[in-house]
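A.B. asks: here's a sequence, model it:
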Amino acid sequence: MSRRLEIGAFAIGLAGLAVCLAGSWGGSTRVYSSYLFAYLFWIGLSLGCLAVMMLHHLVGGAWGVATRPFLRAGARTMPLMLLLFAPIAIGLSSLYPWARIEGPPIPDGARQFLARPWFLVRTAVYFASWLTLAFWVPRWSMRLDSAADPRLAHRLRVLCGWGLVAYGLTVFFSSVDWILSLEPGWTSTGYGMIVMAGQGVSALAAATALSGAFFRRPPPELLHDLGNLLLAFVMLWAYVSFSQYLVIWFGDLPREISWYVHRTGPGWDKVAIALILVHFALPFLLLLSKRVKRSAKALPALAAGLLAVQALDVFWRVRPTFDPDGFRLHVPDLLAPLAVGGMWIGAFLFHLRRSPPPPLPEVAHA
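C.D. replies: Numbering: from 1, shown residues only. Coordinates of the predicted model:
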């Protein structure tokens, strides 16, 4: 069944990518912007899986025994995401004002920092660090699953410690390059933390939903731990998002409020309210309930909903730049996530089939 799903996912992804590429030949900003949103969501899931896996090897916990196979498979999709970055590199001038010959006025320092050669060099550094971590961390993690080795466990903890530092730095600067530079007149020192919190929510939500799908009767203790972690990351996302808004609201400077003005225009304001309700308020209240956190049906369903809401959050951060006058949903906005997502799911299932989750008794007594 997983092989059929794998082939089907690749087929959907390839068909969607072909349509997206056909629509981008004329330099369509609409297609490129939709592809950027889809790409940022799915690479955020890959990076979130890598970060949560490294976090588990540092802090431990029985919850990681069940979720590590899912996190490893998600992290190993990174080579695919490198290949899927090619359309963004090709469409820089359609996406970013600083890449256009006759773009809007931009401060000299920002224009030099965001020059196309340096942008691509920094992107190469990001992927070099992510690919290195996505190769060694899952590799050593699988070796520890097969046989306990204290020396290897120590080396893995050291690698994960420094890996999380590298993850934080690269995600911070990549969020500036890939998202904030869509509007180069606006800056935020806390934006990278918002992106990292969202990636953590995505990875934990996906791992929790998959645990409910693969294990018929997950141990209540495992579900309770995953529910507490989801609650922590939802609160972290809400805290850093509100902190950024509060600082900018108090400052009330035209240069700083422009980003929120675009995202609270007609239609976009409703998306912002929906995010407050379904990305924080509702999950927060539900995850306070011990019954929900121990339910083999309710918690995975809630996690799957959070994963979809995280996609909406990325959409709200990217698309208003290109539709500042009001919310518009275009066909590429639906097609691009299916295209990139089909490829991602196919690669995920391929790696998961090579390293499947452990049997339920092993998980229950971990």
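
A.B. asks: CA atoms for contacts and neighbours, from now on please.
C.D. replies: Will do.

A.B. asks: quick one: low-confidence residue ranges for the stretch 51-200 of the chain.
C.D. replies: 103-105, 107-108 (pLDDT under 70).

A.B. asks: quick one: the helices in it, in order.
C.D. replies: 63-75, 78-84, 86-90, 92-95, 108-113, 116-146, 150-178, 191-214 (DSSP state H, counting those that start in this stretch).

A.B. asks: pick the most deeply packed of these.
C.D. replies: helix 63-75 (a mean of 25; mean count of other Cα atoms under 10 Å).

A.B. asks: that one - contacts with which helices or strands?
C.D. replies: In terms of contacts (3 or more Cα pairs under 8 Å, 6 or more residues apart in numbering; DSSP states H and E), helix 63-75 is packed against helix 29-59, helix 116-146, helix 191-214, helix 220-251, helix 331-354.

A.B. asks: one more time with 6 Å
C.D. replies: helix 29-59, helix 331-354 (3 or more Cα pairs under 6 Å, 6 or more residues apart in numbering; DSSP states H and E).

A.B. asks: ok, residues contacting the last one?
C.D. replies: This points to helix 331-354. 6, 9-10, 12-13, 16-17, 31, 34-35, 38, 73-74, 77 (Cα atoms under 6 Å, 6 or more residues apart in numbering).

A.B. asks: which residue is nearest the centroid of the protein?
C.D. replies: The chain has G44 as the residue nearest its centroid, 1.9 Å off, counting by Cα atoms, centre = their mean.

A.B. asks: just the pLDDT for that residue.
C.D. replies: On pLDDT, G44 comes in at 97.

A.B. asks: which residue is the nearest non-sequential neighbour of it?
C.D. replies: Closest residue in space to G44, ignoring its immediate chain neighbours: Q199 at 5.1 Å, by Cα to Cα, 6 or more residues apart in numbering.

A.B. asks: nearest to M193, of the helices and strands packed on helix 63-75?
C.D. replies: helix 29-59 (12.5 Å; Cα to Cα).

A.B. asks: picking up where we left off before, please produce CSV containing the helices of the stretch 51-200 of the chain, extended by distance to H262.
C.D. replies: Shown next, in CSV, are the helices of the stretch 51-200 of the chain (distance: least, Cα to Cα, whole Å):
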stretch, distance to H262
helix 63-75, 33
helix 78-84, 28
helix 86-90, 23
helix 92-95, 16
helix 108-113, 21
helix 116-146, 25
helix 150-178, 18
helix 191-214, 16
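
A.B. asks: need the contact list for H224.
C.D. replies: 293-294.

A.B. asks: same check, this time on the one 3 residues further on
C.D. replies: With contacts taken as Cα under 6 Å, 6+ apart, G227 has the following neighbours: K293.

A.B. asks: against F135, how distant is it?
C.D. replies: 28 Å (Cα to Cα, to the nearest Å).

A.B. asks: quick one: secondary structure of R328?
C.D. replies: Assigned with DSSP: H, G, I helix; E, B strand; the rest coil, R328 falls in the coil class.

A.B. asks: begin at 389 from here
C.D. replies: OK, 389 is where the count begins now, so the last one is R716.

A.B. asks: in a markdown table: the helices and strands packed on helix 451-463, plus distance to W574.
C.D. replies: Converted to a markdown table, the helices and strands packed on helix 451-463 look like this (distance: least, Cα to Cα, whole Å):
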| stretch | distance to W574 |
| --- | --- |
| helix 417-447 | 18 |
| helix 719-742 | 24 |
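
A.B. asks: which one of those has the most crowded surroundings?
C.D. replies: helix 417-447 (a mean of 24).

A.B. asks: that older thread, show me which of the contacts of helix 719-742 is closest to A536.
C.D. replies: Nearest member of those to A536, counting by Cα to Cα, is A461, at 21.1 Å.

A.B. asks: in stretch 632-648, what's buried?
C.D. replies: 636, 644, 647-648 (16 or more other Cα atoms under 10 Å).

A.B. asks: looking at those, which is nearest S569?
C.D. replies: Closest to S569, out of all of the buried residues of stretch 632-648 and judged by Cα to Cα, is W647, at 11.5 Å.

A.B. asks: helix or strand for the closest one, which one?
C.D. replies: Per DSSP states H and E: W647 is located in helix 642-650.

A.B. asks: any residues touching that helix, and which ones?
C.D. replies: Against helix 642-650 from outside (Cα under 6 Å, 6+ apart): 574, 708, 712.

A.B. asks: ok, and what's touching stretch 517-528?
C.D. replies: Residues from elsewhere that reach stretch 517-528 (Cα under 6 Å, 6+ apart): 460, 463-464.

A.B. asks: what do you get for stretch 669-686?
C.D. replies: So stretch 669-686 is contacted by 608, 611-612, 615, 619, 687 (Cα under 6 Å, 6+ apart).

A.B. asks: any chance of a markdown table for those residues, columns pLDDT and distance to A591?
C.D. replies: Below are the contacts of stretch 669-686 laid out as a markdown table (pLDDT from 0 to 100; distance: Cα to Cα, whole Å):
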| residue | pLDDT | distance to A591 |
| --- | --- | --- |
| P608 | 87 | 20 |
| L611 | 91 | 15 |
| H612 | 92 | 17 |
| G615 | 94 | 13 |
| L619 | 96 | 13 |
| L687 | 95 | 15 |
